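Undergrad: 3D, please:
(one chain, ligands or ions: 2)
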Amino acid sequence: MDPVWTRSEPDLAICANAVSLLMPHLEPYVVASIRSQLPRLNSEDPPLAARAGAYATQEAQHHGQHRRYNDLLTAHYRGLSRLDRAMATVFGLLRRRSDRFGLAFAAGFEAIAFTAARWVDARLRLLRGGHPAATTFFLWHLAEEVEHKSVAWDVYRQSLGSNGRGGHLSYAWATWVAGVVLAVFSLLGTWVMLFHENRWWRPNVHLRLAVWSVSFIFVALPAMVVSSLPGHHPDKLADPAGLAHWLDNFDPASGTIPEWAQP
Ligand SMILES: [Fe+2]
Ligand SMILES: [Fe+2]
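TA: Ligands and ions are numbered 1, 2, ... in the order given. Reported below is the predicted structural model:
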């Protein structure tokens, strides 16, 4: 398939591809952080253990699908394999950090993923004319990010114990790290693909990316600040209207979801 899967908004497809490239590194780290808590949760909080186990399975499915899709990307764009290796190095280093950091990173990354879902939900028009399978894949992932927005947060808070002292600072720091890693690698991946698509030299492309980035920061930053304050819970964040209902289309008999149709 054409890696630029929405020809009416090629730069959006390229940005989404760049994010996809990072997921088989980032999501397994998040899954490992949450799974490390399962033995303790099973004895201390079985309902949360069940939610955390389901969450880890869902995320594992995400990065497995991303890996398959990324194989298409790395075969198509020279230079992405090197970036993929750099990502592996960074996440190898992150895995040496404490369990507490890993859990805070998972909770912080989920807040960013939820924000991404909100940003896209308000801009579904950009996906008009996109390849049906790629568009469905993109929205399905974001819808599940909405669905499980509070699980990593709950596991992180539970791990802090009853007083939870210092939890907000660790969360704010880990969220910042997750945001910077995501931003830097997304930018580099986007540049590699723009270069190969002969779009890197066009000023209007960079202007458009800058506008999207600023609008994303305007959505993300307040959510990041609010979620670092005492008393916050992700359930307080309003779900994006379109994506919240996307999973209603799931067919349990076939285990599939219909391809996304133009609204
Ligand atoms: Fe995910
Ligand atoms: Fe997630």
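
Undergrad: so for the residue in the chain that ligand 1 sits nearest to, what's the pLDDT?
TA: Across the chain, no residue is closer to ligand 1 than H62, which sits at 3.6 Å (Cβ to the ion). Quick note: C-beta positions are derived from backbone N, CA and C, even for glycine. For H62, the model assigns a pLDDT of 89.

Undergrad: next: N163.
TA: 66.

Undergrad: kindly export the helix or strand harbouring W140 (C-alpha atoms) in PDB.
TA: Assigned by DSSP states H and E, W140 belongs to helix 132-147. Provided in PDB are the C-alpha atoms of helix 132-147 (Å, rounded to 0.1, in the frame of the first residue of the first chain):
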ATOM      1  CA  PRO A 132      -9.800   2.800   4.400                       C
ATOM      2  CA  ALA A 133      -7.700   0.200   6.200                       C
ATOM      3  CA  ALA A 134      -5.000   2.700   7.300                       C
ATOM      4  CA  THR A 135      -7.600   5.200   8.400                       C
ATOM      5  CA  THR A 136      -9.400   2.500  10.400                       C
ATOM      6  CA  PHE A 137      -6.200   1.300  11.900                       C
ATOM      7  CA  PHE A 138      -5.300   4.900  13.000                       C
ATOM      8  CA  LEU A 139      -8.700   5.600  14.500                       C
ATOM      9  CA  TRP A 140      -9.100   2.200  16.100                       C
ATOM     10  CA  HIS A 141      -5.800   2.700  18.000                       C
ATOM     11  CA  LEU A 142      -6.900   6.200  19.200                       C
ATOM     12  CA  ALA A 143     -10.300   5.000  20.300                       C
ATOM     13  CA  GLU A 144      -8.700   2.300  22.400                       C
ATOM     14  CA  GLU A 145      -6.500   5.000  23.900                       C
ATOM     15  CA  VAL A 146      -9.700   6.700  25.000                       C
ATOM     16  CA  GLU A 147     -11.100   3.500  26.300                       C
END
